[in-house]
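[1] for reference, the sequence and a predicted model appear below.
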Amino acid sequence: MNLDPALCLPADWRAATLVGRAWIPDSTPGPALVALRADGVYDVSAAAPTSTELCNLADPVAALRRTPGIRVGAVEELLAASAHDRAGPQVAHFLAPCDLQSIKAAGVTFVRSLLERVVEEQARGDFSRADEIRARISREIGADLARVKPGSPAAARLKETLVAMGLWSQYLEVGIGPDAEIFTKAAPLSAVGLGAEIGLHPASQWNNPEPELVLVLDARGAIVGVTLGNDVNLRDFEGRSALLLGRSKDNNASCAIGPFIRLFDETFTLDDARRTEIALTVAGEDGFVLRGRSSVAEISRDLADLAGQAIGPTHQHPDGLVLFTGTLFAPTEDRGAPGMGFTHKPGDLVTIAAPALGALVNRVTTSDRAPPWTYGAAALMRHLAARGLLKG
């Protein structure tokens, strides 16, 4: 696993405001809020005890800049130690950069992946039927969907046409209808970070990575920064029934976020996030290599719209939230026999990268073999109390 700084860090990382979390093996071992600076990684818990609290400050960037912090080590050292076969409680290593925030996801936000969701539904989880169904749907509706704004009068007219053709789908409803699909991806503190193993349900035979931009929102609903994520997806489970979304999306180690949160400042803004290009590489131990790209500019709903549908007058999140924004990438390349499509194999190395955000690198295993999630909110509260960081 290559966790070299040239790969994992943004091209301008020394100028960026990058915040994360790291396991610190000192006299009170546990997770700490850290900032990346030109000369190393610094524990900045004095600015805020958690990622949640930092993002809820009126000006998190200013709070970080006025906090000297305590040097933990060199950036290169912590990166190298974050690989899943090296990380452990005795060495400082990076964790997922979020902690108590809700972990939510928006689905079906790109036309290409929208069509693939319809394929899954029509195939009922049977990947052998995918090519035939994909071709039919593309012939009938693909061109129209690319021009339709969700929730518009044109979208309503298209819905009427598709219903008459017998092609309407629950995925089309959230893809071009007024209401976005917002679901709970994982529990707070359960996400894995850079270098960790990611888990697939062992019963899944058709699955894929989902490289996504992840918004970081404060309790007021303001987008304060972004990071990268892998919304690991089981196409066969969700294809069998939309009611299996929870089983498809929320399994041990099935949510990866990182490597760091890039807070908005004078070097990087929401408009820069809207222009983000995300690259995906899957390298298998069998020699198979899959590459893809996803452009946030092609999203069908604006990032601010998605944020507003996730938090607001009807749905509050006092600890803020991180929000996966969906993916343009839907792999259809055959890995084995013709027509079988793509699916993961244990040992796959998944790299999700963007020039301004760095790279999130993880290795695929099954959820029953990935390290179990054992460190929850109660353990974090005990740790913060032991460090004297809990204040009334």
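    Perfect, thanks for sending it.
[2] from Lys104, how far off is Gly258?
    17 Å (CB to CB, to the nearest Å). Where C-beta positions appear, they are placed from N, C-alpha and C, glycine not excepted.
[3] between the two, which is the more surrounded one?
    Gly258 (32 against 23; other CB atoms under 10 Å).
[4] mind listing the strands for the stretch 51-200 of the chain?
    Listed in chain order, the strands of the stretch 51-200 of the chain (DSSP state E, counting those that start in this stretch) span residues 70-73, 93-95, 102-107, 181-186, 197-200.
[5] can you redo those strands as a markdown table with mean pLDDT?
    Converted to a markdown table, these look like this (pLDDT from 0 to 100):
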| stretch | mean pLDDT |
| --- | --- |
| strand 70-73 | 97 |
| strand 93-95 | 98 |
| strand 102-107 | 95 |
| strand 181-186 | 95 |
| strand 197-200 | 98 |
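[6] the ones you listed: which one's closest to Ala219?
    strand 102-107 (10.3 Å; CB to CB).
[7] tilt between that closest one and strand 181-186?
    140 degrees (axes from the mean of the first three to the mean of the last three CA atoms, to 10 degrees).
[8] next one: Leu215 from Ala273, what distance?
    8 Å.
[9] now stretch 30-37, how far from the chain's geometric center?
    Distance of stretch 30-37 from its chain centroid, counting by CA atoms, centre = their mean, to the nearest Å, is 20 Å.
[10] pull the CA atoms of it into PDB?
    In PDB, the C-alpha atoms belonging to stretch 30-37 read as follows (Å, rounded to 0.1, in the frame of the first residue of the first chain):
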ATOM      1  CA  GLY A  30      -6.700   7.700  21.900                       C
ATOM      2  CA  PRO A  31      -7.900   9.900  19.000                       C
ATOM      3  CA  ALA A  32      -7.000  13.500  18.800                       C
ATOM      4  CA  LEU A  33      -7.900  16.400  16.400                       C
ATOM      5  CA  VAL A  34      -4.800  17.200  14.300                       C
ATOM      6  CA  ALA A  35      -3.800  19.800  11.700                       C
ATOM      7  CA  LEU A  36      -1.300  19.300   8.900                       C
ATOM      8  CA  ARG A  37       1.400  21.900   8.800                       C
END
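[11] please work out the average pLDDT along that stretch.
    The pLDDT scores in stretch 30-37 average 98.
[12] can you list contacts of it?
    9, 13-14, 16-24, 41-45, 47-51, 54, 64, 67, 69, 72, 75, 94-95, 99, 260, 375, 379-380, 383, 386-387 (CB atoms under 8 Å, 6 or more residues apart in numbering).
[13] how does it look with 6 Å?
    18-24, 41-45, 51, 64, 95, 383 (CB atoms under 6 Å, 6 or more residues apart in numbering).
[14] out of the residues you listed, which are inside helices?
    51, 64, 383 (DSSP state H).
[15] from Ala279, how far out is the residue nearest to the first one when sequence neighbours are not counted?
    Spelled out, it's Ser51. Spatial nearest neighbour of Ser51, chain neighbours left out: Asp99 (4.8 Å); criterion: CB to CB, 6 or more residues apart in numbering. Distance of Asp99 to Ala279, computed by CB to CB: 27 Å.
[16] just for the stretch 51-200 of the chain, where's the confidence low?
    Along the stretch 51-200 of the chain, the model assigns pLDDT under 70 to residues 111-115, 117, 125, 127, 137-138, 140-146.
[17] what about 90?
    87-88, 107-178, 180 (pLDDT under 90).
[18] and Ser295, how many neighbours does it have?
    For Ser295, using other CB under 10 Å, the count is 13.
[19] tally of neighbours for the nearest residue to it once chain neighbours are set aside?
    Nearest residue to Ser295, sequence neighbours excluded (CB to CB, 6+ apart): Glu277, at 5.4 Å. Neighbour count of Glu277, defined by other CB under 10 Å: 13.
[20] same check on Ala219?
    16.
[21] so what pLDDT did it get?
    Ala219 is given a pLDDT of 98.
[22] what's near enough to touch Leu263?
    17, 60-61, 224-225.
[23] among those residues, which two are most distant?
    Thr17 and Val224 (10.2 Å).
[24] how about Phe260, secondary structure?
    Three-state call for Phe260 (DSSP: H, G, I helix; E, B strand; the rest coil): strand.
[25] go ahead and confirm it touches Ala16.
    No. In this structure Phe260 lies outside contact range of Ala16 using CB atoms under 6 Å: 8.6 Å.
[26] pick out whichever of the two has more residues nearby.
    Between Phe260 and Ala16, counting by other CB under 10 Å, Phe260 is the more crowded of the two (30 against 20).
[27] who has more neighbours, Asp99 and Ala279?
    Neighbour count, other CB under 10 Å: between Asp99 and Ala279, Asp99 has more, with 21 against 16.
[28] from Thr351, how far out is Leu9?
    In terms of CB to CB, Leu9 sits 13 Å off from Thr351.
[29] and Arg293, by the same measure?
    For Arg293, the distance to Thr351 - CB to CB - is 13 Å.
[30] ends of stretch 330-346, what's the gap?
    19 Å (CA to CA, to the nearest Å).
[31] can you check stretch 255-275 too?
    End-to-end for stretch 255-275, by CA to CA: 24 Å.
[32] list the buried ones in that stretch?
    255-265, 268, 270, 273-274 (16 or more other CB atoms under 10 Å).
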